[in-house]
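*Asks:* Based on what follows, work out the 3D shape:
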Amino acid sequence: MLEELLENFEYLENWEERYKYIIDLGRKLPNLDDDLKNNQNKVNGCTSQVWMVCQPIEENEGKLVFNADSDAHIVRGLIALILSIYSGKTPKEILDVDSKTFFEKLGLLQHLSPNRANGLNAMVERIKFHAVNSQS
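*Replies:* Numbers count the residues shown, from 1 in each chain. The predicted structure follows:
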């Protein structure tokens with residue numbers, strides 16, 4: 001999935017097309033149930049509203065599956081990117097991932113506003129928080 005994303009980004013000629021692609025990824029993201037959009041699942045540090053839940057899959061090597069949602073189209077797309085990196089991995093695999101390098105390969109970090117970049121970081125930190133706590 002990550003290689004496919006990199007190839008798709010390389011194929012797109014400019015950042016306007018890449019933003020549209022990110023928004024399209026967000027449109028394909030399943031909506032989070034309204035009852036899960038609460039303060040416990042809210043990701044702090046994001047300008048937009050973002051909610052994230054983690055579901056461990058014990059019978060599958062303790063892998064963690066994440067679902068998330070936002071009230072902003074571009075943020076839903078960023079969520080889709082993040083979930084493609086982390087969801088379905090073991091806690092150790094999650095903690096070993098270098099998402100910053102992946103985002104740099106996409107050229108994403110220099111094209112996000114500081115607030116969006118902070119929100120992106122907050123979502124990654126929430127995922128790592130779940131990974132650390134599931135190892136206990």
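*Asks:* what's stretch 35-55 in contact with?
*Replies:* Residues outside stretch 35-55 that contact it (Cβ atoms under 8 Å, 6 or more residues apart in numbering) are 32, 64-72, 75, 79, 115-116, 118-119, 121-123, 125-127, 130, 134. C-betas here are computed from N, CA, C, even on glycine.
*Asks:* in the longest helix along the chain, what counts as buried?
*Replies:* In the chain, with assignment by DSSP state H, the single longest helix is helix 114-135. For helix 114-135, the neighbour count (16 or more other Cβ atoms under 10 Å) marks 116-117, 119-124, 126-128, 130-131 as buried.
*Asks:* is it possible to export these to TSV including distance to Phe9 and pLDDT?
*Replies:* Compiled in TSV, the buried residues of helix 114-135 are given as follows (distance: Cβ to Cβ, whole Å; pLDDT from 0 to 100):
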residue	distance to Phe9	pLDDT
Arg116	17	90
Ala117	17	90
Gly119	20	92
Leu120	16	93
Asn121	20	93
Ala122	23	95
Met123	19	96
Val124	18	96
Arg126	24	96
Ile127	21	97
Lys128	24	96
His130	27	94
Ala131	26	94
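*Asks:* Need the three-state assignment for Asp69.
*Replies:* Asp69 falls in the strand class when you classify it by DSSP: H, G, I helix; E, B strand; the rest coil.
*Asks:* mind listing what it touches?
*Replies:* Residues near Asp69 by Cβ under 8 Å, 6+ apart: Leu29, Asn31, Leu32, Lys37, Val50, Trp51, Arg76, Ile79.
*Asks:* pLDDT value on it, please?
*Replies:* You'll see Asp69 listed with a pLDDT of 97.
*Asks:* Appreciated, that's everything.
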